[in-house]
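In: No sequence on hand, only this structure:
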């Protein structure tokens, strides 16, 4: 025993505890105001109020006696409840101190605690009651009061009863110490000065397998697995010890050395416990932790279950273990990997059918899987949950979520401890997490693969020119890439007023009857989805009012294709579509709708192109008529006019009028040719610097005294010949309407989105500005009315817009917006 003996002294006079301590040869312990205990260590009565409980009895270096003072029965009981008490000494002065009641309360807590009734006023009746309670009765003579009055406490003049009490308590100290040493719940060994075994308690005998008599006098080397290594050289540590039967065990030792005043060893008191199981458990936990870490990085099912099965064999010591996973049809939990010994024990690895009856191994496995809770059979042969023959004696089945089960099994019954169970459950949970992760990664890779193939199919869809081709490609993609066996595309037919089938997979004709158009009045799910413009997924159409109920079709997904129709996919089993299926089907439907829209636009563009080409052909023919059928007679007329000038000079005035008419007709023919040919869409362009082009145009037009100011460095993408015609017409228009003294300015629009051409002439009235681009509009007598129309046609052929407004000088300003070209 490694702590002082604790004696509880219950007396109304605090000095009694000091006298009892003096009679025993111990120290007094009192509570401070905070409720903590302080120990009086010296004859001067000084105490350390910060020592808790008279020093912790398990670590106190002084194996003496502490006398704990209490002033009442209630206080005494609170002390007994708070800490171990080895002996009780009590006055009897009811009601504050009732020794008999105290004895009953203490005995109820510990029947073997020595009890002493030490009354100031005794009686034969009290002595009898004390004896009946198996307590010793020691009456006081009253001499202690006289000693107290003479203030001679501590000078050796105690009453004889204190020394008598002290002797009796000492004898009862020693009995308690021996009892406590022997009854310690851990091993205890006391070594003598020569470090031979002086004594060993019963727990030490049980751990080491030796009788105390066989150990007495033996050195440390007798129980050391490492020979004569000095295991007593450290205060604590784990040592490898050997039992009487030769078994090596691991023990955790704590040693306390007792020396004399000269420093020589008097004895060593050691306590120890067998930690072999703990060390082994820690080793297995560490090894399992490494296996669990490996499970965090697996990439496929085979690798994942291999780590788990190896751990079951190596860490769990479960040689009949294995992983069984649910097969594709969902009716069998089939073996994936078993420990080698399991193959030897079972022969053919067992597969567990859902239809197996209760009492079978398969029935038990399926019950665990469906309940989602582990099933434990400590002794299979004695458990009626499995009534068929099996080589397994102990079995624990852990569910692995939706994947299957992990079976940890051994031949012997009761083979698994609570630790085994805990470790196996950790392994099973980690295995489930790893399988979930692998499955998610597998689904992700499959989704990426299907998405990649869907992107390839998109190119085929884009290359389709007709609705029928688009529908055929959509069905092929849904069937071959997304894996939907029943696929049907219906497109809206305005003439029919409903959705008509355009393309379908082979399975459609095998499973579904021929149906005509689905309209708003037929109760069709297709029409409902089309009309709502929403994707509809039905886990089981047998549970809804569906036209195709009873055909074998169970799962159905309908995806609207905008205004064009629907894409329907189905399967023969319920709940067939997961989130990935729906997501990919949405992508396919969106692609199909986009391609149908694009084809509509392309068809419209083709129609517009055809119409434009026909118009251009008509214009070209018109130009030919102008060029040949009109210009040829004009040329003849001009020739005749020249002859008339020569033969009839007197009619010169008339000849000049005729020449002016011929000139106007020529100008009209030229403008009409320009309109016919320059209205075509620009197809060949290049970068053109406006400033340089304007200077060349200015040089080719009769401008007289007019002035050109260029305020732009803009470059545009245009047909230079057509753009030259535009500027020449604008220059000619400005000079004709504004006079030879005008100034023409060309610059950038303030917002940077184009350029302007402005003059300082008389301008155009605001009411007339919207008419200036119309064919034949002119305000001059000799004008053709086509000049500005040609300007607008050339601008529009480049994709530009032109508007007429007022310049800052009050003249005319034409603004061209080029939209960044």
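Out: Okay, I see it. Just so we're clear, the structure is a prediction, and the values are computed from it rather than from any experiment. Numbers count the residues shown, from 1 in each chain.
In: per-residue confidence for residue 669?
Out: At residue 669, the model reports a pLDDT of 71.
In: go on, residue 373?
Out: Value listed for residue 373 in the pLDDT field: 94.
In: which residues does it contact?
Out: Contacts here follow C-beta atoms under 8 Å, 6 or more residues apart in numbering; on that basis residue 373 touches residue 399. Placement of C-beta: from N, CA and C, glycine included.
In: Tell me which stretches of the stretch 551-700 of the chain form strands.
Out: Assignment of strands within the stretch 551-700 of the chain using DSSP state E, counting those that start in this stretch yields the ranges 555-560, 565-571, 686-689.
In: where do the helices sit along the stretch 701-821 of the chain?
Out: Taking DSSP state H, counting those that start in this stretch as the criterion, the stretch 701-821 of the chain contains helices spanning 720-738, 787-797.
In: Tell me the buried residues in the longest one?
Out: By that I understand helix 720-738. 720, 722-738 (16 or more other C-beta atoms under 10 Å).
In: thinking again about what came up before, okay if I get the helices of the stretch 701-821 of the chain as JSON lines plus distance to residue 805 and mean pLDDT?
Out: Compiled in JSON lines, those are given as follows (distance: least, C-beta to C-beta, whole Å; pLDDT from 0 to 100):
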{"stretch": "helix 720-738", "distance to residue 805": "14", "mean pLDDT": "88"}
{"stretch": "helix 787-797", "distance to residue 805": "14", "mean pLDDT": "86"}
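In: Please identify which of those is closest to residue 84.
Out: Across these, residue 84 has its closest neighbour in helix 787-797 (108.9 Å, C-beta to C-beta).
In: So what's the gap between that closest one and the chain middle?
Out: 63 Å (C-alpha atoms, centre = their mean, to the nearest Å).
In: mean confidence score for the strand or helix carrying residue 76?
Out: Residue 76 is part of helix 73-82 when elements are defined by DSSP states H and E. When pLDDT is averaged over helix 73-82, the result is 88.
In: who does it touch, helix- and strand-wise?
Out: Where contact means 3 or more C-beta pairs under 8 Å, 6 or more residues apart in numbering; DSSP states H and E, helix 73-82 is packed against strand 5-10, strand 65-70, helix 99-109.
In: Now do the second one: distance to the chain's middle.
Out: When you say that, I think you mean strand 65-70. Worked out by C-alpha atoms, centre = their mean, strand 65-70 lies 62 Å from the chain centre.
In: Give me the helices and strands touching it, please.
Out: Using 3+ C-beta pairs under 8 Å, 6+ apart, strand 65-70 is in contact with strand 5-10, helix 14-24, strand 27-31, helix 73-82.
In: Export those as CSV, with columns for distance to residue 519 and mean neighbour count.
Out: Formatted as CSV, those follow (distance: least, C-beta to C-beta, whole Å; neighbours: other C-beta atoms under 10 Å):
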stretch, distance to residue 519, mean neighbour count
strand 5-10, 99, 26
helix 14-24, 106, 22
strand 27-31, 96, 22
helix 73-82, 89, 17
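In: neighbours of the closest residue in space to residue 312 that isn't next to it in sequence, just the number please.
Out: Excluding its sequence neighbours, the residue lying closest to residue 312 (C-beta to C-beta, 6 or more residues apart in numbering) is residue 321, at 3.7 Å. Applying other C-beta atoms under 10 Å, we find 28 residues neighbouring residue 321.
In: how much space between residue 321 and residue 409?
Out: 6 Å (C-beta to C-beta, to the nearest Å).
In: Likewise for residue 465?
Out: Taking C-beta to C-beta, one finds residue 465 at 65 Å from residue 409.
In: who has more neighbours, these two?
Out: For residue 465 and residue 409, the more surrounded residue by other C-beta under 10 Å is residue 409, and the numbers stand at 29 against 10.
In: doesn't the more buried one fall inside a strand?
Out: Yes: the assignment for residue 409 (DSSP: H, G, I helix; E, B strand; the rest coil) places it in a strand.
In: Specify the beta-bridge partners of it.
Out: residue 395 (DSSP bridges).
In: so it makes contact with residue 392?
Out: Yes: counting by C-beta atoms under 8 Å, residue 409 touches residue 392, with 4.4 Å between them.
In: give the contact list for the spatially closest residue to residue 166 that is not a sequence neighbour.
Out: Nearest-residue entry for residue 166: residue 23, 3.3 Å, with adjacent residues in sequence omitted and distances by C-beta to C-beta, 6+ apart. Counting by C-beta under 8 Å, 6+ apart, residue 23 touches 158, 162, 163, 165, 166, 169.
In: Repeat the analysis, applying 10 Å as the threshold.
Out: 67, 89, 158-170 (C-beta atoms under 10 Å, 6 or more residues apart in numbering).
In: any idea which of these is the one closest to residue 699?
Out: residue 67 (131.6 Å).
In: For the closest one, the count of nearby residues, please.
Out: Neighbours of residue 67 (other C-beta under 10 Å): 30.
In: Bridging across strands, which residues link to it?
Out: Assigned bridge partners for residue 67, using DSSP bridges, are residue 7, residue 28.
In: per-residue confidence at residue 87?
Out: 87.
In: From residue 226, how far out is it?
Out: When residue 87 is compared with residue 226 (using C-beta to C-beta), they lie 42 Å apart.
In: now residue 620
Out: 114 Å.
In: Residue 547 too?
Out: Taking C-beta to C-beta, one finds residue 547 at 86 Å from residue 226.
In: cool, and residue 302?
Out: 45 Å.
In: next one: residue 161
Out: In terms of C-beta to C-beta, residue 161 sits 56 Å off from residue 226.
In: going on from the strand ranked longest in the chain, what's the next piece of helix or strand?
Out: Ranked by number of residues, the top strand in the chain under DSSP state E is strand 248-259. Where DSSP H and E defines the elements, the next helix or strand beyond strand 248-259 is strand 265-274.
In: same for that next one, what does it pack against?
Out: On a contact count with 3 or more C-beta pairs under 10 Å, 6 or more residues apart in numbering; DSSP states H and E, strand 265-274 meets strand 187-191, strand 197-200, helix 202-208, strand 236-242, strand 248-259.
In: For that strand, which residues meet the burial criterion?
Out: So, applying 16+ other C-beta under 10 Å, buried residues of strand 265-274: 268, 269, 270, 271, 272, 273, 274.
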